[in-house]
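Peer 1: Can you look at this prediction? I've put the sequence above it.
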Amino acid sequence: MKTVTRRDFVKSSIAAGVMTTLPFSHVRGANDRILVGVVGCGGRGTGAHIPSFEKQKDVTVVALSDPDRERMGSAAKTIEAKYNHKAAQYVDMRKMFERKDIDVIGNATQNYWHGLSTIWACQAGKHVYVEKPLSHYIWEGRQMVNAARKYNRIVQCGTQRRSQSSVAKGIRWIQEGNLGKIKYITAFANKPRSSCGKRETPLPIPDTVDYDLWCGPAKKVPIYRNRLQYDCSFDWNTGDGESCNQGVHEVDVARWCLGEKKLSRRVMSIGGRFIFNDACDVPNTQIIYYDFPTAPLLYEVHNLHKAKSSTQMPSFRGERVGVVVDCEGGSVSLYRGIAWDKNGKEVKKFSGGGDHFVNFIEAVRSGRREDLNAEVLEGHLSTAVTHTGNISYRLGSKASKKEMRAQVQDIPIFNDMFDRLLEHLAGHEIDVYTKAVTLGPWLEIDQENESFKNNERANKLARGFYREPYVVPNLSG
């Protein structure tokens, strides 16, 4: 007689529509079944969360949730075809969270939904793997940390570089002092993006989408871009722009290298949204200076090609996306895993990968948040840093080249980055003398309270906006 394993029993029960309720404990044994619900069935949900959970021993995705029934249905068909079992479907994630048999939530919602959905999941007793950027607002991120602590949940942020052993080795080597002290870090993302379009009439919302639920905490407004889903990352109402959406990866690695556990002391940003003339409003060209006590961190974004007639993207020392650490005795590219001395001679290489989802499940089994490579607090701090740069930008005004230079002239390395910005804009025939660029103010940061000193407008942006009834609770008490 064939032996029926626990895995076979669970999957056959799911296929038959019988939902078994398994006992939940804080510590899961190595052979205990972990049942997963995935919320958000877009690219990350279907392309990363589902296969990354399903490939692990005794881990099964048993439920899906998405206000877009078409996307959810497609993901369910993928699970049935690839993994030979069915997954229950829920338009409203709260119904999925009510299930007592689900241990883990894979949260692949859009940025503006990360905070509330993660808190709801923690309140329902679920452990959570939540995509980056962790939060849509600084205050919200702190409430996510509070929720993980209050409900004793394992919460991992999807900053996958934390699980890449080559990056960890490079940071450890730098911190051991092999190249002397860190002078500054340059992080950058030169990723091509296209216009999100500009409609004269609102985008029709398909009948398959529960639009009120899709908007959730964000303002429920007509959409004038061409796509509903991914391009919402480039609208301040629902997204946080490239310097947060992509930048949280690089900022996280840089902050890790610096050993900083708080926000920077001050921040300033310069940039704009050029060429596209579309319905989105986040910058596609941006530079930011984060003034950390250990060493400054500079970040730059270029979503446009090198120049008007070019098909190539800008780069920094030969890399399009990365983190370069300049030290007294040389430099290190943490993404490439190469170290050089002051003369440019290669002196060290770092290699090795890792699996962020595996690390998360291992921590769920151990019941120890200390086992996580990107625990929610780390995700909060790195995401909050990127928000401060965007807040400076959002409080800025159009300025001339002379006005911008006056604000950065006392910082040589920021002047160098500003020069690269000017060169890039000149390549697109953008006249920086006619106040085409937005110059953000220097913002002084209250590091202890994760807020801004003497700036009510900045603190309002840090606190955020929520639409009833999708309101993030205050869990500070």
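Peer 2: Arrived safely, thanks for sending.
Peer 1: Under the pLDDT cut-off, which ranges of this structure? List them.
Peer 2: Low-confidence segments of the chain, defined by pLDDT under 70, are located at 1-31.
Peer 1: That one - how does it break down into domains?
Peer 2: If the domains of the chain are taken from automatic domain parsing, they occupy 6-161, 185-341+376-463, with pieces of a single domain joined by a plus sign.
Peer 1: Residues in contact with stretch 343-350: which ones?
Peer 2: Contacts of stretch 343-350 from elsewhere in the structure, counted by CB atoms under 8 Å, 6 or more residues apart in numbering, are 166-167, 169-170, 173, 178, 330, 332, 337-341. C-beta here means a position set from N, CA and C on the backbone, and glycine is covered the same way.
Peer 1: Show me those that map onto strands.
Peer 2: Counting by DSSP state E, the part of those found in strands is 330, 332, 338-341.
Peer 1: would you list those residues in TSV and tack on distance to Ser74 and neighbour count?
Peer 2: Formatted as TSV, the ones in strands among the contacts of stretch 343-350 follow (distance: CB to CB, whole Å; neighbours: other CB atoms under 10 Å):
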residue	distance to Ser74	neighbour count
Gly330	49	21
Val332	42	27
Ile338	41	17
Ala339	45	24
Trp340	47	18
Asp341	52	14
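Peer 1: Can you tell me which of these is nearest Ser400?
Peer 2: Among these, Val332 lies closest to Ser400 (CB to CB), at 36.8 Å.
Peer 1: Leu203 contacts Leu228, doesn't it?
Peer 2: Yes. Checked against CB atoms under 8 Å, the pair Leu203 and Leu228 is within contact range at 6.3 Å.
Peer 1: mind listing what the closest residue to Asn277 other than its chain neighbours touches?
Peer 2: The shortest distance from Asn277 to any residue that is not its chain neighbour, by CB to CB, 6 or more residues apart in numbering, is 6.7 Å, and that residue is Lys198. Lys198 makes contact with 224-225, 277-279, according to CB under 8 Å, 6+ apart.
Peer 1: can you do 10 Å?
Peer 2: Residues near Lys198 by CB atoms under 10 Å, 6 or more residues apart in numbering: 224-226, 276-280.
Peer 1: Specify which member of those is nearest to Glu370.
Peer 2: Each of those was scored against Glu370 by CB to CB, and Cys280 proved nearest at 39.8 Å.
Peer 1: roughly how far apart are the closest one and Asn237?
Peer 2: The spacing between Cys280 and Asn237, counted by CB to CB, to the nearest Å, is 10 Å.
Peer 1: Over to Arg225?
Peer 2: Relative to Asn237, and taking CB to CB, Arg225 is found at 11 Å.
Peer 1: re the thing from before, which one of Cys280 and Asn237 has more residues nearby?
Peer 2: The residue with more neighbours, out of Cys280 and Asn237 and counting by other CB atoms under 10 Å, is Cys280; that gives 23 against 15.
Peer 1: quick one: that one and Arg193 touch, right?
Peer 2: Yes. Taking CB atoms under 10 Å as the definition, Cys280 is a contact partner of Arg193 at 9.3 Å.
Peer 1: who touches both of those two?
Peer 2: In the contact map built from CB under 10 Å, 6+ apart, the residues linked to both Cys280 and Arg193 are 231, 233-234.
Peer 1: Phe357: which of the residues you listed is nearest?
Peer 2: Using CB to CB, the shortest approach to Phe357 within those belongs to Ser233, at 21.9 Å.
Peer 1: In a strand, that closest one, correct?
Peer 2: No. When the secondary structure is assigned by DSSP: H, G, I helix; E, B strand; the rest coil, Ser233 falls in helix instead of a strand.
Peer 1: Tell me, how many residues neighbour it?
Peer 2: The local packing count at Ser233 equals 22, with neighbours defined by other CB under 10 Å.
Peer 1: so it touches Ser243, yeah?
Peer 2: No. Shown here, Ser233 and Ser243 do not form a contact pair, counting by CB under 10 Å, at 11.6 Å.
Peer 1: May I see the contacts of Lys198 organised as CSV, with distance to Tyr470 and secondary structure added?
Peer 2: Output for the contacts of Lys198, formatted as CSV (distance: CB to CB, whole Å; DSSP: H, G, I helix; E, B strand; the rest coil):
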residue, distance to Tyr470, secondary structure
Tyr224, 22, coil
Arg225, 22, coil
Asn226, 25, coil
Phe276, 30, coil
Asn277, 32, coil
Asp278, 27, coil
Ala279, 23, coil
Cys280, 22, coil
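Peer 1: In these, which residue is surrounded by the most others?
Peer 2: Compared across those, Cys280 has the highest neighbour count, 23 neighbours, by other CB under 10 Å.
Peer 1: sorry, back to before: overlap in contacts, Leu203 and Leu228.
Peer 2: Common contact partners of Leu203 and Leu228 (CB under 10 Å, 6+ apart): none.
Peer 1: between Ser233 and Ser243, what contacts are shared?
Peer 2: Val282.
Peer 1: Endpoint to endpoint, stretch 171-179 covers what distance?
Peer 2: With CA to CA, to the nearest Å as the measure, the first residue of stretch 171-179 is 11 Å from its last.
Peer 1: whoops, stretch 295-308 was the one
Peer 2: Terminal residues of stretch 295-308 are spaced 35 Å apart (CA to CA).
Peer 1: can you check stretch 251-264 too?
Peer 2: 11 Å.
Peer 1: Give me the buried positions along that stretch.
Peer 2: Within stretch 251-264, the residues that qualify as buried by neighbour count (16 or more other CB atoms under 10 Å) are 251-258, 260, 262-264.
Peer 1: Likewise for stretch 196-214?
Peer 2: Using 16+ other CB under 10 Å as the burial criterion, the residues of stretch 196-214 that qualify are 196, 209, 213-214.
Peer 1: Same question for stretch 72-92.
Peer 2: 72, 75-76, 78-79, 83, 85-91.
Peer 1: Mind naming the longest helix for the chain?
Peer 2: Scanning the chain for the longest helix, with DSSP state H as the assignment, gives helix 376-394.
Peer 1: How far away from the center of its chain is that helix?
Peer 2: Averaging C-alpha coordinates over helix 376-394 and over its chain gives two centres that are 10 Å apart (CA atoms, centre = their mean, to the nearest Å).
Peer 1: now swap in stretch 431-451 and tell me
Peer 2: Relative to its parent chain, stretch 431-451 has a centroid offset of 21 Å by CA atoms, centre = their mean.
Peer 1: okay, how far is it across it, tip to tip?
Peer 2: With CA to CA as the measure, the ends of stretch 431-451 fall 35 Å from one another.
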